[in-house]
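Trainee: one predicted model, sequence on top.
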Amino acid sequence: MQKQIPTYNGTLRSHQLEVPACIAECSGIRIFGRRIKSLVFSTDVAIIKNVNADAIIAVYPFTPQPAITQSIISVSDVPVFVGVGGGVTNGPRSVRLAAYAEHQGAYGVVVNVPIENRTIMLIKEVVDIPVIATIVSDKMDFAARIAAGADILNVSGAAKTPEIVARIREKFPDVPIIATGGPAEETILPTIQAGANAITYTPPSTGVLFAAFMDKYRAQFQTE
């Protein structure tokens, strides 16, 4: 029997951004007592403040900066997982960024594909929050990442994501997996069915969302 869930939305927050409801079907990952099923991939503080996801995954294509991390954590009402490099930013700098991110209140740190396993090991020596290693291909050495200390695998393989998740799950039935799910149920559900424990959702930009409001406002002044 399905439970009835009382709901209150208010007026001002009634149009907040919501993650696809089907994400509720995954098992979730329990981190420090919190069960996390949905993560929003964003560094936009307006999105972060107005979305119903369980957590935020904040990675961006620039050198990670503590000031950005602090800004996102300070505005977020939910746990934040932050990028600490792996590409151009690597080695000892990534280790220092990870330690600082933990002090700022990050729930976990995300490392990108090129990072060396040795760096993951060094990060694990200095932090007590989970290290999340990004996986983009089933040709990557999952076992080496896990052996180095990666606590969670973050699969981002575009259209091949469900396939990669299934391959990891076949070899490592118990490893926690976060995976990108795409924009709709048609892409999210196969990823969950392949074995993902949590789903990362990429929301529309504030520009796209605001355009819908502006079209509505303009329509009020259109004449035949």
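Mentor: That came in fine, so what should we check first?

Trainee: can you list contacts of the least confident helix or strand in the chain by mean pLDDT?
Mentor: Ranked by mean pLDDT, DSSP states H and E, the weakest helix or strand in the chain is helix 206-219, scoring a mean of 87. By Cβ atoms under 8 Å, 6 or more residues apart in numbering, the residues outside helix 206-219 that reach it are Leu17, Asp44, Ala46, Ile47. Where you see a C-beta, it was placed from the backbone N, CA and C, and this is true even at glycine.

Trainee: what's the ChimeraX line that selects buried ones from those residues?
Mentor: To isolate the buried members of the contacts of helix 206-219 in ChimeraX, using 16 or more other Cβ atoms under 10 Å:
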select :17,44,47
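
Trainee: from the contacts of helix 206-219, which land in helices?
Mentor: Ala46, Ile47 (DSSP state H).

Trainee: adding distance to Tyr107, write the contacts of helix 206-219 out as TSV.
Mentor: Below are the contacts of helix 206-219 laid out as TSV (distance: Cβ to Cβ, whole Å):
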residue	distance to Tyr107
Leu17	20
Asp44	19
Ala46	21
Ile47	18
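
Trainee: flag the least confident of the contacts of helix 206-219.
Mentor: For the contacts of helix 206-219, the model is least confident at Leu17; its pLDDT is 90.

Trainee: need the contact list for that residue.
Mentor: Taking Cβ under 8 Å, 6+ apart, we find Leu17 in contact with Ile47, Asn50, Val51, Asn52, Pro203, Pro204, Leu209.

Trainee: narrow those to just the buried residues.
Mentor: Neighbour-count burial (16+ other Cβ under 10 Å) applied to the contacts of Leu17 gives Ile47, Asn50, Val51, Pro203.

Trainee: centroid-nearest residue for this protein?
Mentor: Nearest to the mean C-alpha position of the chain, by Cα atoms, centre = their mean, lies Ile57 at 3.5 Å.

Trainee: which residues does that one bridge with?
Mentor: With DSSP bridges as the criterion, Ile57 is bridged to Phe41, Phe81.

Trainee: wait, isn't it in contact with Ile36?
Mentor: No - under the criterion of Cβ atoms under 8 Å, Ile57 is not in contact with Ile36, lying 10.1 Å apart.

Trainee: so how many other residues sit close to the nearest residue to Val95 once chain neighbours are set aside?
Mentor: Using Cβ to Cβ, 6 or more residues apart in numbering and skipping the chain neighbours, the partner closest in space to Val95 is Leu122 (4.8 Å). Leu122: 19 surrounding residues under other Cβ atoms under 10 Å.

Trainee: next one: Ile5
Mentor: Around Ile5 there are 5 other residues, counting by other Cβ under 10 Å.

Trainee: start at 20, not 1
Mentor: All set: I'll call the first residue 20, so the last point we hit is now Ile24.

Trainee: ok, now which ones touch it?
Mentor: Neighbouring residues of Ile24 by Cβ under 8 Å, 6+ apart: there are none.

Trainee: ok, now how distant is it from Ala43?
Mentor: Note on Ile24: its distance to Ala43, by Cβ to Cβ, to the nearest Å, is 11 Å.
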